[in-house]
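Visitor: Structure for the following, please:
(chains A, B, C and D)
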There are 4 protein chains.
Amino acid sequence: MKIRLEKNAYGKNAINLSKIIRHNDNHEFRQISVSVALEGDFDTAHTEGDNSKILPTDTQKNTVYAMAKEHFTSGIEDFGIILCRHFKKNNPQVSKVRIEILEHLYRRMHFNGREHPHAYISRGNEKHTSLIEQDESGITITSGIRDLLILKTTDSAFKDYIRDEFTTLKETDDRIFATNCEATWTYNTIYLDFTKQYEMVRENLLHTFAFHKSLSVQHTLYAMGEELLQKNENINQISMVMPNKHHILFNLGQFGMENNNEIFIATDEPFGYITGTVTRE
Amino acid sequence: MKIRLEKNAYGKNAINLSKIIRHNDNHEFRQISVSVALEGDFDTAHTEGDNSKILPTDTQKNTVYAMAKEHFTSGIEDFGIILCRHFKKNNPQVSKVRIEILEHLYRRMHFNGREHPHAYISRGNEKHTSLIEQDESGITITSGIRDLLILKTTDSAFKDYIRDEFTTLKETDDRIFATNCEATWTYNTIYLDFTKQYEMVRENLLHTFAFHKSLSVQHTLYAMGEELLQKNENINQISMVMPNKHHILFNLGQFGMENNNEIFIATDEPFGYITGTVTRE
Amino acid sequence: MKIRLEKNAYGKNAINLSKIIRHNDNHEFRQISVSVALEGDFDTAHTEGDNSKILPTDTQKNTVYAMAKEHFTSGIEDFGIILCRHFKKNNPQVSKVRIEILEHLYRRMHFNGREHPHAYISRGNEKHTSLIEQDESGITITSGIRDLLILKTTDSAFKDYIRDEFTTLKETDDRIFATNCEATWTYNTIYLDFTKQYEMVRENLLHTFAFHKSLSVQHTLYAMGEELLQKNENINQISMVMPNKHHILFNLGQFGMENNNEIFIATDEPFGYITGTVTRE
Amino acid sequence: MKIRLEKNAYGKNAINLSKIIRHNDNHEFRQISVSVALEGDFDTAHTEGDNSKILPTDTQKNTVYAMAKEHFTSGIEDFGIILCRHFKKNNPQVSKVRIEILEHLYRRMHFNGREHPHAYISRGNEKHTSLIEQDESGITITSGIRDLLILKTTDSAFKDYIRDEFTTLKETDDRIFATNCEATWTYNTIYLDFTKQYEMVRENLLHTFAFHKSLSVQHTLYAMGEELLQKNENINQISMVMPNKHHILFNLGQFGMENNNEIFIATDEPFGYITGTVTRE
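Guide: This next block holds a predicted model:
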């Protein structure tokens, strides 16, 4: 019997950083959370406690703060690329660098139709994410959106499914479709205005969701992916996670009242969980 | 020695309800979480297990769903008043009814400048709350806003404070002021368009926050309260909770770099916690 | 119209501190979260931005860490008393100091019946809390237990309650009684072994909960309070919060099966919420 | 350009179920959360909205509750195997079934050294998990432990690591090693007393952690894996996730005091994140 180390990685997570980019007329506020993960030749660190190839996670953290001064000036993807290259170049023992950046989104306050130069309000739970990976074969960028809480009150049906001894669900032509969508997509180039791309992808996903005549969550998930790939040639693949946040008809009949799709119990658990990847061949 | 029951209450919390209000041209989607609490003559329930004066919390829940059909048609304050009156009128053993409603805010999706008739997106963490209370002396309405995450990148100073043996904080003329504000205010009438009032209060709070030359969190908290009471005669009192979400300068000097108020560590804990009530005499 | 400041306070929350107390034979590990709140003469801080009476929350934080070295050696109540006295004595503008300490509980690992001298495992969600307050009238200590998740599978009934048009709940002689109990009690002296008291109160609450023939949550809540006050003369009052974590019978009948109190849906929301204070006259 | 569906799955998550197993002398209480995921021939559901091969997630939920009556009588792994086989056998369109079960652990209350027959208290955050997967090649069982919060106050060093321009961390021979460990291991047979195995694995992991002279998190992670594989021949592989919950020395020197590894700032973020898999060849 031989025991050995297999897949492993280490790094610093949740490096929470905010930056004020000082323009002439106003301040730009950005807040991100960066995670660094390194893979490589770390066998002796595990088997012998030999740290000679270990770049401490504390140093990784310092590096992120220090490099943010000069290099975090536009999209999180661009900053991630810089960080990847730094760690890869300076650490020959590292075979793969993964930089994950999550941006907390803010928008400027508006008063009387004018933007305030330095007051901001959170854009909510929704977050822009990006995973930048670099190994021998180059850099891959997978950006995403997380906690996109969307719903439609109609144009959603679910019927003609399998029935068995445990079926109690009623078929419906008209239900609430609510989801806390997470999507991640892979760019096929690193030369893009990633912030603009993010807003375009987001708009595209929302548009398909809103106008689709849904026959199931799967049906809409695929439509959203297909539409995005048709419209955006910089993207080759998108993966989506769509938990079905059920709104269940409350039984008003027991009190002699009708419930014409009006009153629902909003539930968190259990929830349907639908995932899918749509790709371009 | 005599042992006795003092202050007590019971009810159902987190009655999560969604409603589609079906208009001719579009659907209006609303999602709320209702909590009911009853105080009154419940001594024998505690001391003897006598449930004859207990309206089960399950029945309270059913009541909220049933009454939402006809009565949840406008502001959460209006629905709360209806619920209060129902429980108070039907339960002579109850001396006080408290209805707390928290509304999860959504906004319609927009495409090409037009509102979609039935697709919604979450407005984020921010929630509209209301506590409606009824006892012998009548009804009191205390509405609020919760999880209002706001910040300004300048116009915030903190100096000239007490110094002692444990002081290490540096005085500053220019810091980030970020807070996850919670405010609650009491209306002096129940005849108002409460949804409109909410948006007006919110706008007023944001405006003062954005334009105030802050010398401390306390200074801005009071200014927000004072300005609101001056502008809105329907409100007699406002209480605010303003956790100071610290953004701490990262020490770039240790790497021979300057940090001109650019790069910050965004922290959650520990946090300053400032509370205050501003009132009209 | 005159506008003025009413009740207000400020301080530092979530000062997360761990300590190794180094004994001869072993290490004692403690982890606490301290919150400081000061009330007093802070009007001009609010109205004029005058910080001359403000002890910065950053200094409060430093004080807690510094004083922990010498003074955090036994119960959290004792450390809280020291902190109260420090802030009260050194700040004449302060009328009331509130120190809240929450202890994350750990226990030593055991192997072959022996305690390990320096390896610990979390005791779980349960937390020991204490609120120490000092004003002109002296010091008050209110200790507590939080997130005490307990349940019994029988000896719990609920029946003979009010029935109305919205009643659907079935009466029962036998249900699961589960709660995430929070209790706080006030000591009538500051000269106690508070850690020992905590374990005694905890044991007493668990014992009553386990053996009580419950006719309702209220009935058991009161019994727990009454029993504690009868057994522990150092305590004059106890307040309890007992959310009813419902386990609802799953309807197996729809599949031709019987559910003899065996299979339940464990739910989080909505939940019954029962609160009460039991006091000694 | 051709667009197509790639990897996809769907199912019901967070089916929260509790069960009372009624023995002669006492009750056994169990609480689990089950998630079902199906992979298979679901292309037309996505591309055409054809639900004829879709077993609704609502039916999956009903199935779990119904089958729990007869089949959830011992370890979660055994119940998972039954569920896998049911869904696989009845759904020829399904190529792979994944059942994930998370058990919330409770222990009986003890009084005067005796177990109470029906009163329980939570064992804390720690959870026993299991992923049971069935495809054409058979059944795989990967069990795990989650949220195992452990620490040691000494026998942990970290030094002799890479130094670069961003290094500020001091080398140490003696630090706190705290982690919220997650481990998952794969059994090489389905004929085991899985509950007993769980307790054995847990004990083994704790023992290695407590007694290891740690030179780094990686060093201890590997030791824990190696030791387990040496001791337990039913397991071929273990993966561990060990976030480093940093306890950072507070700088008492600024107040003229010494900190001899006594007073620490307990932090949540950022955190080191170390992962590794140890396997038997």
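
Visitor: Tell me the residues on the stretch 151-281 of chain A that lie near chain C, please.
Guide: By Cβ under 8 Å from any Cβ of the partner chain, the part of the stretch 151-281 of chain A that sits against chain C consists of A:165, A:166, A:168, A:254, A:255, A:268, A:269. (Glycine included, C-beta is placed from N, CA and C.)

Visitor: Save these as JSON lines, and put in pLDDT and secondary structure too.
Guide: What follows is those, written out as JSON lines (pLDDT from 0 to 100; DSSP: H, G, I helix; E, B strand; the rest coil):
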{"residue": "A:165", "pLDDT": "97", "secondary structure": "coil"}
{"residue": "A:166", "pLDDT": "98", "secondary structure": "coil"}
{"residue": "A:168", "pLDDT": "98", "secondary structure": "coil"}
{"residue": "A:254", "pLDDT": "97", "secondary structure": "helix"}
{"residue": "A:255", "pLDDT": "98", "secondary structure": "helix"}
{"residue": "A:268", "pLDDT": "95", "secondary structure": "coil"}
{"residue": "A:269", "pLDDT": "97", "secondary structure": "coil"}
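
Visitor: can you give me the strands in chain A?
Guide: Secondary structure of chain A (DSSP state E): strands at A:3-13, A:15-22, A:27-40, A:94-111, A:114-135, A:138-152, A:177-187, A:235-244, A:247-249, A:263-266, A:271-280.

Visitor: Specify the stretch among those that is closest to residue D:242.
Guide: strand A:3-13 (9.2 Å; Cβ to Cβ).

Visitor: Next one: whichever residue of the stretch 1-150 of chain A sits closest to chain D from residue D:223, what distance?
Guide: For the stretch 1-150 of chain A, the residue closest to chain D is residue A:49, as judged by Cβ to the nearest Cβ, at 2.9 Å. Per Cβ to Cβ, to the nearest Å, residue A:49 is found 9 Å from residue D:223.

Visitor: try residue A:29
Guide: Residue A:29 sits 45 Å away from residue D:223, going by Cβ to Cβ.

Visitor: How is chain A divided into domains?
Guide: As assigned by automatic domain parsing, chain A contains the domains A:15-136, A:148-279.

Visitor: what about residue A:52, how many neighbours?
Guide: Residue A:52 has 11 neighbouring residues, counting by other Cβ atoms under 10 Å in any protein chain shown.

Visitor: from what I can see it touches residue D:215, true?
Guide: No - judged on Cβ atoms under 8 Å, residue A:52 makes no contact with residue D:215 at a distance of 11.4 Å.

Visitor: Common neighbours of those two, please.
Guide: Common contact partners of residue A:52 and residue D:215 (Cβ atoms under 8 Å, 6 or more residues apart in numbering or on different chains): none.

Visitor: what sits up against stretch A:103-110?
Guide: Here stretch A:103-110 makes contact (Cβ under 8 Å, 6+ apart) with A:26, A:29-33, A:76, A:115-117, A:119-124, A:126-129, B:150-151, B:206, B:210.

Visitor: So which bits of that stretch are buried?
Guide: A:103, A:104, A:105, A:106, A:108, A:109 (16 or more other Cβ atoms under 10 Å in any protein chain shown).

Visitor: how much space between residue A:218 and residue B:78?
Guide: Applying Cβ to Cβ, the value for residue A:218 to residue B:78 is 40 Å.

Visitor: So between these two, which is more surrounded?
Guide: residue A:218 (26 against 20).

Visitor: Let me know the distance separating the more buried one from chain C.
Guide: Distance, residue A:218 to chain C, by Cβ to the nearest Cβ, to the nearest Å: 26 Å.

Visitor: try residue A:49
Guide: When residue A:49 is compared with chain C (using Cβ to the nearest Cβ), they lie 18 Å apart.

Visitor: which residues touch the spatially closest residue to that residue that is not a sequence neighbour?
Guide: Nearest in space to residue A:49, with sequence neighbours left out and distances taken as Cβ to Cβ, 6 or more residues apart in numbering or on different chains, is residue D:215 at 2.9 Å. By Cβ under 8 Å, 6+ apart, residue D:215 lies in contact with A:49, A:50, A:51, D:157, D:158.

Visitor: Could you dump the strands of chain A into JSON lines and include mean pLDDT?
Guide: Shown next, in JSON lines, are those (pLDDT from 0 to 100):
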{"stretch": "strand A:3-13", "mean pLDDT": "98"}
{"stretch": "strand A:15-22", "mean pLDDT": "98"}
{"stretch": "strand A:27-40", "mean pLDDT": "98"}
{"stretch": "strand A:94-111", "mean pLDDT": "98"}
{"stretch": "strand A:114-135", "mean pLDDT": "97"}
{"stretch": "strand A:138-152", "mean pLDDT": "98"}
{"stretch": "strand A:177-187", "mean pLDDT": "98"}
{"stretch": "strand A:235-244", "mean pLDDT": "98"}
{"stretch": "strand A:247-249", "mean pLDDT": "98"}
{"stretch": "strand A:263-266", "mean pLDDT": "98"}
{"stretch": "strand A:271-280", "mean pLDDT": "98"}
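
Visitor: so which of those gets nearest residue B:281?
Guide: Residue B:281 sits nearest to strand A:94-111 of all the strands of chain A, at 29.8 Å, using Cβ to Cβ.
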